[in-house]
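1. The following block contains a protein sequence and its predicted model.
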Amino acid sequence: MNKGIKAAILSALVWGSGQILVGRQRIKGLMIFLIQALCVGIELYTGYWIEYLMGKVPHFNLKIYGGYFTKALWGFVTLGETPGARNGDHSIVLLINGIIAILLLVLILAFYIWNIIDAYHTGKRIDETGRYISSKEYLQHVTSKFFPYLILTPIIIGILFIVVMPILFSFITAFTNYNKNHLPPANLVDWVGISNFVKLFKVPVWSSTFFSILGWNIIWAVVATFSTYFLGMFQAIIINSKYAKFKSFFRAILILPWAIPQLITLLVFKNLLNGQFGPVAQMLIDIGLTDYKIPFLSDPFIAKITIIMVNLWLGFPMFMVMIQGVLANIDTGLYEAARIDGANSLQIFRGITFPLVFKATAPLFIMNLASNFNGFGIIYFLTEGKPVNPNYHLAGDTDILISWIYKLTLNERMYDMAAVMCIILFIVVGVASFYNFKHTQSFKEV
């Protein structure tokens, strides 16, 4: 048996033993073994496994006698067995502990596999070269070759538990009945499989509301993104024109909607556009443009138009500033050559300005599209999803998916159905963003 296979088998049985016995890397092997000892020690110290092996626990129960990892996995699988506020099982706490334990076990498993692979390569190197590499030489090699990864490792672990763990919890909640009828600790939460997804697409009251809101959500995201982008481009081209005077003044004025906090602006617009008491509706009557007060926020169709126009006011300055920076860096020689060739202004815009500007701002455009698809703030603070639609289930005419999810969680405590829609929202935004990123020229060149 060659040393590579021998070291791999030894390290598979006792972590680090292959590095110590075959590779003569005592310090490295000892550190690897201590990690195994720590993992096993945590399980033994937090449970009653030793007492069980000694025969002191005749009827072993994972819920009572298991260690941290086994008890957490038991809780993840069962979500509890005894309801009750005083001494009952809290299903959500058990679920979260189970997710954390699974993530830790994944890290431990990854380290275990690396330990075996490292032992194999250590032994194989000895078979090929006949030279033993000390722990010190190995450490120098690792720090010189993999230093960036070593620095990023703590950050990756932090992201795993701060970002990935909540995402996993939201995803897993979609497969439970976690709602106002099953709130722990008074009640237990149970696994229900894909029944929530079936309910969303098969039950008419859910499916009709979902598809109606999804349709408006797509229209809102596309129109909001394209309108702000092209108005921002239009304003940038005008200010960048050689005929424009007082550029700094107009640039400062036009950037104000972006500079003022969005929440303040939305609350002001909400009062201005109030159909009964708002000054805008009254002013339109006073100047003779209409005979009645326009329901800017209470009519389903007009409210949607109002939201798009308010978003246009809020969103175009960002694109204007970005596109101005791109225009300032375009070689003026391109325009001079185009004019010499007889191109007019429209042809110059179509052939030079727009392609160069869009190429530079495409990533921002796509990110803004994804942001608008999840644009909770402008919908909620301007209309709160109203007006109420009696044909919708717990939603209003101007609700988009994210605001509907907010209502289902905060108001209705239907966490299971909200989680289902979070998954669908993630898939829609993720697939659209991935497709656009993949087919955007500026990303292909990176």
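-> Nice, thanks for sending it over. Residues are numbered from 1 along each chain as shown.

2. all contacts plus neighbour counts: C-alpha atoms, from now on.
-> OK.

3. And this structure, what are its domain boundaries?
-> When the chain is parsed into structural domains using automatic domain parsing, the resulting residue ranges are 3-193, 198-444.

4. With mean neighbour count and mean pLDDT added, can I get those domains in TSV?
-> As requested, the domains of the chain are arranged in TSV below (neighbours: other Cα atoms under 10 Å; pLDDT from 0 to 100):
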stretch	mean neighbour count	mean pLDDT
domain 3-193	17	89
domain 198-444	17	88
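
5. list the contacts for residue 44?
-> The neighbourhood of residue 44, defined by Cα atoms under 8 Å, 6 or more residues apart in numbering, consists of 50, 67.

6. Can you check my assumption that it lies in a helix?
-> Yes: counting by DSSP: H, G, I helix; E, B strand; the rest coil, one finds residue 44 located in a helix.

7. Kindly provide the distance from it to residue 402.
-> Applying Cα to Cα, to the nearest Å, the value for residue 44 to residue 402 is 44 Å.

8. try residue 362
-> Here residue 362 is placed at a distance of 24 Å from residue 402 (Cα to Cα).

9. name the helices or strands packed onto the longest helix seen in the chain?
-> With DSSP state H setting the assignment, residue counts place helix 91-129 as the longest helix in the chain. Where contact means 3 or more Cα pairs under 8 Å, 6 or more residues apart in numbering; DSSP states H and E, helix 91-129 is packed against helix 3-13, helix 17-21, helix 68-78, helix 165-173.

10. Okay, angle between the third one and helix 91-129 too, please.
-> Here helix 68-78 runs at 130 degrees with respect to helix 91-129, directions being taken by axes from the mean of the first three to the mean of the last three Cα atoms, to 10 degrees.

11. And the contacts of helix 68-78?
-> Helix 68-78 is contacted by residues 42-43, 46-47, 62-64, 91, 94-99, 101-102, 190 when judged by Cα under 8 Å, 6+ apart.

12. Quick one: the helices and strands packed on helix 91-129 as CSV, columns for distance to residue 431 too.
-> Formatted as CSV, the helices and strands packed on helix 91-129 follow (distance: least, Cα to Cα, whole Å):
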stretch, distance to residue 431
helix 3-13, 40
helix 17-21, 45
helix 68-78, 30
helix 165-173, 17
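
13. Minimum distance to residue 249: which of the ones you listed has it?
-> Among the helices and strands packed on helix 91-129, the nearest to residue 249 by Cα to Cα is helix 165-173 (45.5 Å).

14. Now do that closest one and helix 91-129, the angle between them.
-> Between helix 165-173 and helix 91-129, the angle formed by their directions is 120 degrees, by the same axes, to 10 degrees.

15. Which helix or strand lies directly C-terminal to helix 165-173?
-> Next helix or strand after helix 165-173 toward the C-terminus (DSSP states H and E): helix 195-202.

16. and that following helix, how far out from the chain's middle?
-> Taking Cα atoms, centre = their mean, to the nearest Å, one finds the center of helix 195-202 at 23 Å from the center of the full chain.

17. Ok, stretch 205-221 next?
-> Between the mean C-alpha point of stretch 205-221 and the mean C-alpha point of its chain there is a distance of 21 Å (Cα atoms, centre = their mean).

18. With stretch 207-222 instead?
-> Using Cα atoms, centre = their mean, the offset of stretch 207-222 from its chain centre is 20 Å.

19. what do you get for stretch 172-189?
-> Average the C-alpha atoms of stretch 172-189, do the same for its chain, and the two points are 24 Å apart (Cα atoms, centre = their mean).

20. Show me what the strand or helix carrying residue 418 is packed up against.
-> Taking DSSP H and E as the criterion, the element that holds residue 418 is helix 415-438. Identification of packing neighbours for helix 415-438 by 3+ Cα pairs under 8 Å, 6+ apart yields helix 165-173, helix 195-202, helix 354-373, helix 401-406.

21. Send me the last one as CSV with only the CA atoms.
-> Output for helix 401-406, consisting of C-alpha atoms alone and laid out as CSV, is shown next (Å, rounded to 0.1, in the frame of the first residue of the first chain):
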residue,chain,number,x,y,z
LEU,A,401,-45.4,40.8,-4.1
ILE,A,402,-43.1,42.2,-1.4
SER,A,403,-45.8,44.4,0.1
TRP,A,404,-48.3,41.5,0.0
ILE,A,405,-45.7,39.4,1.8
TYR,A,406,-45.3,42.2,4.4
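
22. what packs against it?
-> Other helices and strands packing on helix 401-406, by 3+ Cα pairs under 8 Å, 6+ apart, are helix 204-240, helix 376-382, helix 415-438.

23. hmm, who's touching that helix?
-> Here helix 401-406 has contacts from 210, 213-214, 217, 374-376, 379-380, 384-385, 394-395, 418, 421-422, 425, using Cα under 8 Å, 6+ apart.

24. who's in contact with residue 195?
-> Taking Cα under 8 Å, 6+ apart as the contact definition, residue 195 lies against residue 175.

25. Model confidence for it, exactly?
-> Residue 195 carries a pLDDT score of 94 in this model.

26. separation between it and residue 175?
-> Distance of residue 195 to residue 175, given as Cα to Cα: 8 Å.

27. Next: residue 141.
-> Counting by Cα to Cα, the separation of residue 141 from residue 175 is 46 Å.

28. And residue 376, by the same measure?
-> 25 Å.

29. picking up where we left off before, could the helices and strands packed on helix 415-438 go into CSV alongside distance to residue 156?
-> Compiled in CSV, the helices and strands packed on helix 415-438 are given as follows (distance: least, Cα to Cα, whole Å):
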stretch, distance to residue 156
helix 165-173, 12
helix 195-202, 32
helix 354-373, 23
helix 401-406, 28
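
30. Looking at those, which is nearest to residue 277?
-> Closest approach to residue 277 among the helices and strands packed on helix 415-438 is made by helix 401-406 (25.7 Å; Cα to Cα).

31. chain center to that closest one: distance?
-> Distance, stretch centre to chain centre, for helix 401-406: 15 Å (Cα atoms, centre = their mean).

32. Figure out which of the helices and strands packed on helix 401-406 is closest to residue 79.
-> With Cα to Cα as the yardstick, what comes closest out of these is helix 415-438 (14.7 Å).

33. Contacts for the closest one next, please.
-> Taking Cα under 8 Å, 6+ apart as the rule, helix 415-438 contacts 170-171, 173-179, 196-197, 200, 363, 366-367, 370, 373, 401-402, 405-406, 408-409, 443-444.
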